[in-house]
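Peer 1: After the sequence you'll find the predicted model.
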Amino acid sequence: MKSIKRVSALLLIFAIAIVSVFSIQVFASSNTMKVHYIDVGQGDAVLIESNSKYMLIDAGREKNTVADYLKKQKIKKLDYLILTHPDADHIGGSISIVNNYTIGKIIMPNKSHTSKTYENLLLAIKKKGLKITKPKVGTEYEIGDAEFTIIAPNKTYSDNNNSSIGLKLENGDTSFLFVGDAEEKAINDIIKNKIDISADVLMVGHHGSDSSTTEELIDAVDPDSAVISVGKNNYGHPTDSVLDMLSNHGVDIYRTDESRTIIATSNGKSVAIDADIFEHEAIENDSQIVYVTKTGKKYHRENCSALKSKIETTLDDVLSKGLTPCEICNP
């Protein structure tokens, strides 16, 4: 009788162990990660959250838009701040982020810029006693239960866009790809570096410019969905050729100028996309203040060094008149 009881007890322990292992595996395979493609108008900003860890990729142009969004999410610390390249529509809001948030690691490309925005960002980083980590292709990092791999830049490029940091974010069996504003030359180098860049969701490069998205890239990524971060602009973004290319490959297209902030949720097995999960006020061009001169054909930001005299107006007004941005303060 004792032998029977002992065997029964061992069988019970074994069964509990099997159930426990199975439960752990199920839990591990259902880790939730959210990717917020924040509506910042004509610019980029993406928030990733996994197991109470947070990463921000770029911060849009405006000073407080992204900071206010993080505040709504009750985020106090960023484990990573990745600024893909030093153009103002990607780093403009980062100064407020650096000043007001605890940041674990800042990753920026080895590419400088002469803009006042970039100079102020470097000063803010220095004042906080933070260091800048340069991207190295193939380096892997953990973010909560997820991980990401640096896939670009693969070379030293003369221009900002091609110097963009690219990365592949993975959560279980799902993945997301980001290429910043990289153009065809840098895109081809990403494809050639032999890192697997297949992904469920592609963040379309350079706001849908036809200089970034190629047939070769779409074939390599083979995404189910594509997200375009874009606002009202004078550049024709996103271009019809890119939209047609994605559609011809059967890719579902989401745009922040149409759906505002877009949130993709991964459970480690599949990705669900909600294009209107948060109420978030879109950046309207008619409320963005810019400056012009009486005779100039460019529009400027307030502190532009090229602006000797200024007339206050709105971005919507200057775009309607066909004015183009000053390359110094609107890089």
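Peer 2: Here it is on my side, so go on.

Peer 1: domain ranges for this structure?
Peer 2: 33-274, 285-325 (automatic domain parsing).

Peer 1: Of these, which shows the lowest average pLDDT?
Peer 2: Ranked by mean pLDDT, those bottom out at domain 285-325, which scores a mean of 72.

Peer 1: helices or strands next to the helix or strand in which residue 119 is found in the packing?
Peer 2: Per DSSP states H and E: residue 119 is located in helix 116-127. Here helix 116-127 touches helix 88-91, helix 94-100, going by 3 or more CB pairs under 8 Å, 6 or more residues apart in numbering; DSSP states H and E. Placement of C-beta: from N, CA and C, glycine included.

Peer 1: and residue 155, how many residues sit next to it?
Peer 2: 12 (other CB atoms under 10 Å).

Peer 1: So it lies in a strand, does it not?
Peer 2: No - with DSSP: H, G, I helix; E, B strand; the rest coil as the criterion, residue 155 is located in coil rather than a strand.

Peer 1: Do I have it right that it meets residue 188?
Peer 2: No - counting by CB atoms under 8 Å, residue 155 stays clear of residue 188, with 10.6 Å between them.

Peer 1: sorry, back to before: which parts of the helix holding residue 119 are buried?
Peer 2: Within helix 116-127, the residues scored as buried using 16 or more other CB atoms under 10 Å are 116-118, 120-122, 124-125.

Peer 1: what does stretch 143-151 give?
Peer 2: For stretch 143-151, using 16+ other CB under 10 Å, the buried residues are 143-146, 148-151.

Peer 1: ok, and the closest non-adjacent residue to residue 237?
Peer 2: The shortest distance from residue 237 to any non-neighbouring residue, by CB to CB, 6 or more residues apart in numbering, is to residue 207 (4.2 Å).

Peer 1: The one you found reaches residue 227, doesn't it?
Peer 2: No - at 10.8 Å, residue 207 does not count as touching residue 227 under the criterion of CB under 8 Å.

Peer 1: rewinding a little: could you single out the most deeply buried of the domains of the chain?
Peer 2: Most buried of these, by mean neighbour count (mean count of other CB atoms under 10 Å): domain 33-274, with a mean of 20.

Peer 1: so how far is it from its chain's centroid?
Peer 2: Domain 33-274 sits 2 Å away from the centroid of its parent chain (CA atoms, centre = their mean, to the nearest Å).

Peer 1: before we move on, the earlier item: now the buried residues of helix 116-127 as a markdown table including distance to residue 294?
Peer 2: Written out in a markdown table, the entries for the buried residues of helix 116-127 read as follows (distance: CB to CB, whole Å):
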| residue | distance to residue 294 |
| --- | --- |
| 116 | 23 |
| 117 | 26 |
| 118 | 29 |
| 120 | 28 |
| 121 | 32 |
| 122 | 34 |
| 124 | 34 |
| 125 | 38 |
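
Peer 1: ok, so of those residues, who is nearest residue 240?
Peer 2: Nearest to residue 240 out of the buried residues of helix 116-127 is residue 117 (CB to CB; 31.1 Å).
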